[in-house]
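Provided below are the primary sequence and the corresponding predicted coordinates.
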Amino acid sequence: MVEKLYISYNNVHKLCKAGAEKFLKDVGKPDVIIAIGGGGFIPARIIRTFLRSSGEKNIPIQAIGLSLYEDLGTGNGDKIGKEVIRTQWLDFGALSQHFDSLIGKNILIVDEVDDTRTTLHYAVSELYKDVQEIAEKLGRTNEKTKFSIFVLHNKLKEKRAEIDEHKMGGGEYISGKDVPDQWIAYPWESDDIDDHTKHAVEQGNI
Ligand SMILES: O=P(O)(O)OC[C@H]1O[C@H](OP(=O)(O)OP(=O)(O)O)[C@H](O)[C@@H]1O
């Protein structure tokens, strides 16, 4: 049986720090972070710490809710697939005076894991579509919007979808660590954090 991969909070923090350093070097400071909930929330908050220089304003974090739902097909030999359900989307709220849309922005999308890539593919495609629609309405299609991605872990496996590079507009895909296709146990899912951390330490994921 393949061993479960235990990840400690410490390890999450370090992966975020390294991811932020790479992102700043390759792409430059983001205007906004988009966290894919629930798994992307904690990494998004941590990575923000490393993306901001002291004395500068905090980078806004927007939350979007995407959940994978088992689409069982019709039972006539259809392939079992997974559908993305959108439970929450962008809302600039009080920011909207300065921040009316994503047009022309340097955007960092954060999630904890890239498994079949279905979720990330959906996120980039839908965000890109939103930007295109608004940019056309406002006559701002000449502005370049960049979508980058940070995940703590990318599972090395056959993906169900590929992200269109053109839609990323020169943004980068950064994974904290590429891992085999195994069960990843994140600390926020644990009901015994001491025991969880002990396993993570034993595996060297600290
Ligand atoms: O690469 P994929 O195959 O699309 O899988 C990755 C997604 O699956 C999990 O989300 P889930 O729908 O379980 O929701 P959660 O984040 O709320 O746990 C995870 O948080 C990613 O968003």
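Structure received.

hang on, residue 172 packs against residue 24?
No - applying CB atoms under 8 Å as the test, residue 172 and residue 24 come out as separate, 11.1 Å apart. Just so you know, the C-beta spots here come from the backbone N, C-alpha and C atoms, and that holds for glycine as well.

what sits against residue 106?
By CB atoms under 8 Å, 6 or more residues apart in numbering, residue 106 lies in contact with 27-31, 146, 148, 171.

show me where the protein has strands.
Counting by DSSP state E, the chain has strands at residues 5-6, 32-37, 61-71, 81-88, 106-114, 146-155, 173-179, 184-185.

in the lengthiest helix in the chain, what's buried?
Secondary structure of the chain per DSSP state H: the longest helix is helix 118-138. Along helix 118-138, these residues count as buried under the neighbour rule (16 or more other CB atoms under 10 Å): 118-124, 126-128, 130-131, 135.

what about stretch 162-179 and the ligand, any contact?
No - using CB under 6 Å from any ligand atom, stretch 162-179 stays clear of the ligand, with a minimum separation of 10.8 Å.

and that stretch, which residues are buried?
Within stretch 162-179, the residues scored as buried using 16+ other CB under 10 Å are 163, 167-169, 171-177, 179.

how many other residues sit next to the residue lying closest to residue 171 once chain neighbours are set aside?
With sequence-adjacent residues excluded and distances taken as CB to CB, 6 or more residues apart in numbering, residue 171 is closest to residue 148, at 3.6 Å. Around residue 148 sit 23 other residues, with neighbours defined as other CB atoms under 10 Å.

I'd like to know which residues of this protein are adjacent to the ligand.
Counting by CB under 6 Å from any ligand atom, the chain comes close to the ligand at 36-39, 67-68, 111-119.

okay, residue 111: pLDDT?
Residue 111 is assigned 98 on the pLDDT scale.

err, residue 75, not the other one
According to the prediction, residue 75 has pLDDT 52.

and if you look at the one 4 residues further on?
What the model reports as pLDDT for residue 79 is 53.

ok, now how distant is residue 169 from residue 55?
29 Å (CB to CB, to the nearest Å).

and if you look at residue 203?
38 Å.

do residue 9 as well
From residue 9 over to residue 55 (counting by CB to CB), the distance is 27 Å.

Mind checking which of those two has more residues around it?
Under the criterion of other CB under 10 Å, the comparison of residue 9 against residue 55 puts residue 9 first, with 18 against 5.

check contacts around the more buried one.
187, 197.

what's the first-to-last distance across stretch 48-65?
Using CA to CA, to the nearest Å, one end of stretch 48-65 lies 19 Å from the other.

next one: that stretch to chain centre, how far?
Distance of stretch 48-65 from its chain centroid, counting by CA atoms, centre = their mean, to the nearest Å, is 14 Å.

Can you give me the buried ones in it?
Buried residues in stretch 48-65, counting neighbours by 16+ other CB under 10 Å, are found at 48, 50-51, 59-64.

what do you get for stretch 144-159?
Within stretch 144-159, the residues that qualify as buried are 145-155, 159, counting by 16+ other CB under 10 Å.

In space, what's closest to residue 68 - neighbours in sequence excluded?
Nearest residue to residue 68, sequence neighbours excluded (CB to CB, 6+ apart): residue 82, at 4.7 Å.
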